[in-house]
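[1] what follows is a predicted protein model with its sequence.
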Amino acid sequence: MGTKSRGIFWIFIFSNLMLSTKCSSFMKNAKISTRIVQTRYGRLQGLVVPMDQHRYLKPIEVFLGVPYATPPVQSNRFSPTRTPSPWDGVRVSDKPGPVCPQKLPDITNETAALEKMPKGRLEYLKRLLPYLKNQSEDCLYLNIYAPAQGKPFRIFLYRSQSRRS
Ligand SMILES: *[C@@H]1O[C@H](CO)[C@@H](O)[C@H](O)[C@H]1NC(C)=O
Ligand SMILES: *[C@@H]1O[C@H](CO)[C@@H](O)[C@H](O)[C@H]1NC(C)=O
(Lines give C-alpha, C1' and ligand atoms only; values in the text may rest on other atoms or scores of the structure.)
(Ligands and ions follow the chains in the order given, each with its own letter.)
Protein backbone atom coordinates (compact mmCIF):
# COMPACT_ATOMS: atom_id res chain seq x y z
CA MET A 1 0.00 0.00 0.00
CA GLY A 2 2.71 2.48 1.02
CA THR A 3 2.33 6.20 0.67
CA LYS A 4 0.04 5.96 -2.31
CA SER A 5 -2.70 4.69 -0.14
CA ARG A 6 -3.80 8.04 1.21
CA GLY A 7 -7.48 7.73 2.08
CA ILE A 8 -7.37 4.04 2.77
CA PHE A 9 -7.45 3.29 6.44
CA TRP A 10 -6.84 -0.35 6.11
CA ILE A 11 -7.67 -3.12 3.77
CA PHE A 12 -7.66 -6.77 4.57
CA ILE A 13 -6.97 -9.06 1.72
CA PHE A 14 -8.00 -12.61 2.28
CA SER A 15 -7.73 -15.57 0.04
CA ASN A 16 -10.90 -17.12 -1.25
CA LEU A 17 -10.55 -19.73 1.47
CA MET A 18 -10.59 -17.22 4.30
CA LEU A 19 -13.76 -15.78 2.92
CA SER A 20 -15.48 -19.10 2.87
CA THR A 21 -15.02 -19.84 6.51
CA LYS A 22 -17.17 -16.93 7.60
CA CYS A 23 -19.01 -15.91 4.51
CA SER A 24 -22.24 -17.76 4.95
CA SER A 25 -23.23 -16.14 8.22
CA PHE A 26 -21.82 -12.66 8.19
CA MET A 27 -22.51 -11.97 4.53
CA LYS A 28 -26.18 -12.76 4.73
CA ASN A 29 -27.37 -9.13 5.03
CA ALA A 30 -24.95 -7.84 2.41
CA LYS A 31 -26.28 -5.20 0.05
CA ILE A 32 -24.81 -3.94 -3.17
CA SER A 33 -22.77 -0.82 -2.46
CA THR A 34 -23.86 2.52 -3.87
CA ARG A 35 -20.22 3.47 -4.40
CA ILE A 36 -18.10 2.84 -7.46
CA VAL A 37 -14.40 2.45 -6.73
CA GLN A 38 -11.75 3.21 -9.32
CA THR A 39 -8.82 0.81 -9.56
CA ARG A 40 -5.92 0.83 -11.94
CA TYR A 41 -7.67 -1.79 -14.06
CA GLY A 42 -11.26 -0.62 -13.99
CA ARG A 43 -14.19 0.29 -11.81
CA LEU A 44 -15.53 -1.93 -9.04
CA GLN A 45 -18.79 -2.05 -7.16
CA GLY A 46 -18.76 -4.15 -4.03
CA LEU A 47 -21.07 -5.10 -1.20
CA VAL A 48 -21.74 -3.35 2.08
CA VAL A 49 -22.05 -5.77 4.97
CA PRO A 50 -23.55 -4.63 8.28
CA MET A 51 -21.94 -6.25 11.31
CA ASP A 52 -25.30 -6.91 12.88
CA GLN A 53 -24.19 -9.45 15.45
CA HIS A 54 -21.34 -7.26 16.69
CA ARG A 55 -22.58 -4.01 18.17
CA TYR A 56 -19.17 -2.34 18.27
CA LEU A 57 -18.18 -3.14 14.71
CA LYS A 58 -18.95 -0.80 11.84
CA PRO A 59 -20.14 -1.97 8.42
CA ILE A 60 -17.53 -3.18 5.99
CA GLU A 61 -17.30 -3.01 2.26
CA VAL A 62 -16.38 -6.22 0.51
CA PHE A 63 -15.11 -6.72 -3.02
CA LEU A 64 -15.21 -10.36 -4.02
CA GLY A 65 -13.49 -12.02 -6.92
CA VAL A 66 -11.31 -9.11 -8.01
CA PRO A 67 -8.86 -10.32 -10.65
CA TYR A 68 -5.22 -9.63 -9.76
CA ALA A 69 -3.57 -11.23 -12.76
CA THR A 70 -4.39 -12.43 -16.23
CA PRO A 71 -5.94 -15.91 -15.96
CA PRO A 72 -3.09 -18.47 -16.09
CA VAL A 73 -4.72 -20.49 -18.84
CA GLN A 74 -3.74 -21.55 -22.37
CA SER A 75 -0.47 -19.85 -23.36
CA ASN A 76 -0.19 -18.29 -19.88
CA ARG A 77 -0.24 -21.66 -18.14
CA PHE A 78 2.90 -22.30 -16.04
CA SER A 79 4.19 -18.82 -16.90
CA PRO A 80 4.94 -15.92 -14.58
CA THR A 81 1.75 -14.03 -13.78
CA ARG A 82 0.83 -11.03 -15.91
CA THR A 83 -1.10 -7.93 -14.97
CA PRO A 84 -4.86 -8.24 -15.32
CA SER A 85 -6.49 -6.90 -18.46
CA PRO A 86 -8.37 -3.70 -17.77
CA TRP A 87 -12.11 -4.10 -17.91
CA ASP A 88 -14.73 -1.74 -19.29
CA GLY A 89 -17.65 -0.46 -17.28
CA VAL A 90 -18.30 -1.37 -13.68
CA ARG A 91 -17.36 -4.82 -12.44
CA VAL A 92 -19.84 -5.92 -9.80
CA SER A 93 -17.66 -7.80 -7.34
CA ASP A 94 -20.31 -9.66 -5.40
CA LYS A 95 -19.17 -13.28 -5.91
CA PRO A 96 -15.90 -14.98 -5.07
CA GLY A 97 -13.93 -16.27 -8.03
CA PRO A 98 -13.33 -19.97 -8.57
CA VAL A 99 -10.69 -21.71 -6.47
CA CYS A 100 -7.68 -23.38 -8.05
CA PRO A 101 -8.11 -27.04 -9.02
CA GLN A 102 -7.72 -29.34 -6.04
CA LYS A 103 -8.84 -32.74 -4.85
CA LEU A 104 -11.45 -32.42 -2.12
CA PRO A 105 -11.50 -34.78 0.86
CA ASP A 106 -14.46 -37.16 0.93
CA ILE A 107 -16.45 -36.51 4.09
CA THR A 108 -19.77 -38.00 3.00
CA ASN A 109 -19.37 -40.73 5.61
CA GLU A 110 -18.69 -38.68 8.71
CA THR A 111 -17.93 -41.70 10.87
CA ALA A 112 -15.22 -42.76 8.45
CA ALA A 113 -13.95 -39.18 8.14
CA LEU A 114 -13.63 -38.88 11.94
CA GLU A 115 -11.27 -41.85 11.94
CA LYS A 116 -8.87 -39.70 9.91
CA MET A 117 -9.37 -36.20 11.30
CA PRO A 118 -10.45 -34.41 14.47
CA LYS A 119 -14.02 -33.15 14.77
CA GLY A 120 -12.92 -29.52 14.47
CA ARG A 121 -11.38 -30.17 11.08
CA LEU A 122 -14.46 -32.03 9.89
CA GLU A 123 -16.70 -29.10 10.88
CA TYR A 124 -14.32 -26.71 9.13
CA LEU A 125 -14.37 -28.80 5.96
CA LYS A 126 -18.17 -28.99 6.02
CA ARG A 127 -18.32 -25.19 6.01
CA LEU A 128 -15.61 -24.87 3.39
CA LEU A 129 -16.47 -27.52 0.84
CA PRO A 130 -19.41 -25.77 -0.81
CA TYR A 131 -17.06 -22.93 -1.74
CA LEU A 132 -14.31 -25.22 -2.98
CA LYS A 133 -16.50 -26.90 -5.56
CA ASN A 134 -16.21 -24.04 -8.02
CA GLN A 135 -12.75 -24.85 -9.35
CA SER A 136 -10.94 -23.49 -12.34
CA GLU A 137 -7.41 -22.85 -13.52
CA ASP A 138 -8.72 -19.31 -13.88
CA CYS A 139 -8.46 -18.71 -10.13
CA LEU A 140 -6.33 -15.62 -9.51
CA TYR A 141 -8.87 -13.48 -7.67
CA LEU A 142 -8.76 -11.51 -4.44
CA ASN A 143 -11.42 -10.77 -1.89
CA ILE A 144 -10.87 -7.34 -0.39
CA TYR A 145 -12.38 -6.18 2.90
CA ALA A 146 -12.33 -2.50 3.87
CA PRO A 147 -14.21 -0.29 6.31
CA ALA A 148 -17.38 1.00 4.63
CA GLN A 149 -17.01 4.74 4.16
CA GLY A 150 -18.81 7.56 2.46
CA LYS A 151 -15.77 9.17 0.92
CA PRO A 152 -14.55 7.80 -2.37
CA PHE A 153 -11.17 6.15 -2.10
CA ARG A 154 -8.91 4.40 -4.50
CA ILE A 155 -7.83 0.82 -4.34
CA PHE A 156 -4.32 0.30 -5.58
CA LEU A 157 -3.89 -3.17 -6.82
CA TYR A 158 -0.34 -4.28 -6.86
CA ARG A 159 1.13 -4.78 -10.25
CA SER A 160 2.05 -8.41 -10.46
CA GLN A 161 5.24 -9.50 -12.16
CA SER A 162 4.53 -8.49 -15.70
CA ARG A 163 7.68 -9.15 -17.61
CA ARG A 164 7.90 -12.38 -19.46
CA SER A 165 11.20 -13.55 -20.82
C1 LIG B 1 -18.09 -20.20 -10.35
O2 LIG B 1 -17.31 -19.05 -10.58
C3 LIG B 1 -17.65 -18.37 -11.78
C4 LIG B 1 -16.66 -17.22 -11.95
O5 LIG B 1 -16.72 -16.34 -10.89
C6 LIG B 1 -19.07 -17.87 -11.70
O7 LIG B 1 -19.41 -17.23 -12.89
C8 LIG B 1 -19.99 -19.04 -11.44
O9 LIG B 1 -21.29 -18.57 -11.24
C10 LIG B 1 -19.54 -19.83 -10.23
N11 LIG B 1 -20.35 -21.02 -10.09
C12 LIG B 1 -20.88 -21.37 -8.93
C13 LIG B 1 -21.63 -22.65 -8.92
O14 LIG B 1 -20.76 -20.71 -7.92
C1 LIG C 1 -19.20 -45.30 7.37
O2 LIG C 1 -17.92 -45.61 7.88
C3 LIG C 1 -17.94 -46.48 8.97
C4 LIG C 1 -16.54 -46.57 9.54
O5 LIG C 1 -15.57 -46.77 8.52
C6 LIG C 1 -18.50 -47.84 8.51
O7 LIG C 1 -18.53 -48.74 9.59
C8 LIG C 1 -19.90 -47.61 7.96
O9 LIG C 1 -20.40 -48.81 7.41
C10 LIG C 1 -19.90 -46.54 6.88
N11 LIG C 1 -21.27 -46.21 6.53
C12 LIG C 1 -21.71 -46.21 5.29
C13 LIG C 1 -23.15 -45.82 5.09
O14 LIG C 1 -21.00 -46.51 4.33
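    Perfect, thanks for sending it. Ligands and ions are numbered 1, 2, ... in the order given.
[2] how about the helices in this protein?
    In the chain, the helices defined using DSSP state H lie at 16-26, 110-114, 119-132.
[3] near ligand 1, which residues of this protein?
    65, 95, 97-98, 134 (C-beta under 6 Å from any ligand atom). In this view, the C-beta of every residue, glycine as well, is placed from N, C-alpha and C.
[4] from ligand 2, how far out is Gln102?
    Gln102 is 24 Å from ligand 2, where distance means C-beta to the nearest ligand atom, to the nearest Å.
[5] number of nearby residues for that residue?
    As a burial measure, Gln102 scores 9 neighbours (other C-beta atoms under 10 Å).
[6] over to Arg55?
    With other C-beta under 10 Å as criterion, Arg55 counts 6.
[7] same question, Tyr141
    By other C-beta under 10 Å, 22 other residues sit near Tyr141.
[8] does it touch Ala69 like I think?
    No. With contact defined as C-beta atoms under 8 Å, Tyr141 does not count as touching Ala69 (9.0 Å).
[9] hang on, Val99 packs against Glu137?
    No. The pair Val99 / Glu137 is not scored as a contact, 10.6 Å apart, by C-beta under 8 Å.
[10] would you mind listing what in the protein touches ligand 2?
    The interface of the chain toward ligand 2, taken as C-beta under 6 Å from any ligand atom, is made up of 109, 111-112.
[11] TSV for the residues you listed, including pLDDT, neighbour count and distance to Ala148?
    Listed next are those as TSV, based on pLDDT from 0 to 100; neighbours: other C-beta atoms under 10 Å; distance: C-beta to C-beta, whole Å:
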residue	pLDDT	neighbour count	distance to Ala148
Asn109	96	9	43
Thr111	96	6	44
Ala112	96	10	44
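[12] distance of the most centrally placed residue in the chain relative to Arg35?
    Central residue check for the chain by C-alpha atoms, centre = their mean: the C-alpha nearest the mean position is that of Asn143, 2.1 Å away. Taking C-beta to C-beta, to the nearest Å as the measure, Asn143 falls 17 Å from Arg35.
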